[in-house]
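K.L.:
Return atomic coordinates for the entry below.
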Amino acid sequence: MSASPQRTERLRRFSGVDIYPVTSASHSAGRGSLEILDAVLAGGAHIVQLREKELPMRELFELARAFRARTAAAGALLMIDDHVDLALATGADGVHLGQNDLPLAAARQLAPDLLIGASTHSVGDVVRAQASGADIINVGPVYPTATKQRTAAALGVDGVRAIIPHVHVPFSVMGGIKLDNIDPLLDLGVRCVAVVTAITAADDPAQATRALRDRMQRRVGDRAAAR
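P.N.:
Have a look, this model is predicted:
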């Protein structure tokens, strides 16, 4: 099924994303997710994913509405973790689905205009997600991470290198990525990096966002100049 004009425009905007902050109030050093959102937007992020596993749905709905208003004002994309209905109800740009969430094909039937992201941990996951219509693939975890329980084993840089040739849609990488270990991934050609605690737990989340974006842009520029 070809992408709708609205989804096509959202994909175009995603192509300009570098750092991809993901919220988690339980990993935000006592700060609320709206405070983190304001910081990442001030730091120049073009996308944010609302991921709050512990909130009741009514509270999550109200938080998502506030996220939508602020991201829209900033011209940033909003992705909702897990919940297609919440993404549709709040006018978000997309939904990110894990391996145990609603199947991608069913989500696409419900939401033809939304970007649909998919978590993947192996070549097989990537192939299946693309065949099911994922717009965006997230590959991970790259490094060990404490932000998810029962997560897959860390892939390492070599694992990411083995998966990349099989990815034929826009993709991000995620899992334990910090300023001091991001360069090997950028050297692989990664252009979109999703992070949680590298931003949410930082003393200054806005500055952490800027620092990660600067490192990514500088590294890409250095690679281009070396060709």
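
K.L.:
can you tell me the average pLDDT over stretch 2-21?
P.N.:
For stretch 2-21, mean pLDDT is 96.

K.L.:
Quote the end-to-end distance of that stretch.
P.N.:
End-to-end span of stretch 2-21 (Cα to Cα, to the nearest Å): 28 Å.

K.L.:
Tell me how far the nearest residue to Thr200 once chain neighbours are set aside lies from Asp38.
P.N.:
Take Thr200 and drop its neighbours on the chain: the residue closest to it by Cβ to Cβ, 6 or more residues apart in numbering is Ser28, 4.3 Å away. Yep, even glycine has a C-beta here, placed from its N, CA and C like the rest. Ser28 sits 12 Å away from Asp38, going by Cβ to Cβ, to the nearest Å.

K.L.:
These two: which is more packed in?
P.N.:
For Ser28 and Asp38, the more surrounded residue by other Cβ atoms under 10 Å is Ser28, and the numbers stand at 20 against 15.

K.L.:
which residues sit in contact with the more buried one?
P.N.:
Ser28 makes contact with 35-36, 200-201, according to Cβ atoms under 8 Å, 6 or more residues apart in numbering.

K.L.:
swap in Asp101?
P.N.:
Applying Cβ under 8 Å, 6+ apart, the residues near Asp101 are Asp82.

K.L.:
Which of the helices or strands spans it?
P.N.:
Asp101 is part of no helix or strand, with elements assigned from DSSP states H and E.

K.L.:
Identify the residues contacting Leu185.
P.N.:
Neighbour list for Leu185: 142, 157, 160, 173, 177, 193 [criterion: Cβ under 8 Å, 6+ apart].

K.L.:
Most neighbours among those, please name it.
P.N.:
Within the contacts of Leu185, Val173 tops the neighbour count with 28 neighbours, counted by other Cβ under 10 Å.

K.L.:
does that residue sit in a helix, a strand or a coil?
P.N.:
Here Val173 is recorded as strand under DSSP: H, G, I helix; E, B strand; the rest coil.

K.L.:
Against Ala25, how distant is it?
P.N.:
In this view, Val173 and Ala25 are 23 Å apart by Cβ to Cβ.

K.L.:
Mind giving me the packing neighbours of the longest helix along the chain?
P.N.:
Scanning the chain for the longest helix, with DSSP state H as the assignment, gives helix 205-226. Contact analysis of helix 205-226 by 3 or more Cβ pairs under 8 Å, 6 or more residues apart in numbering; DSSP states H and E lists strand 19-21, helix 33-42, helix 183-187, strand 193-195, helix 197-200 as its packing neighbours.
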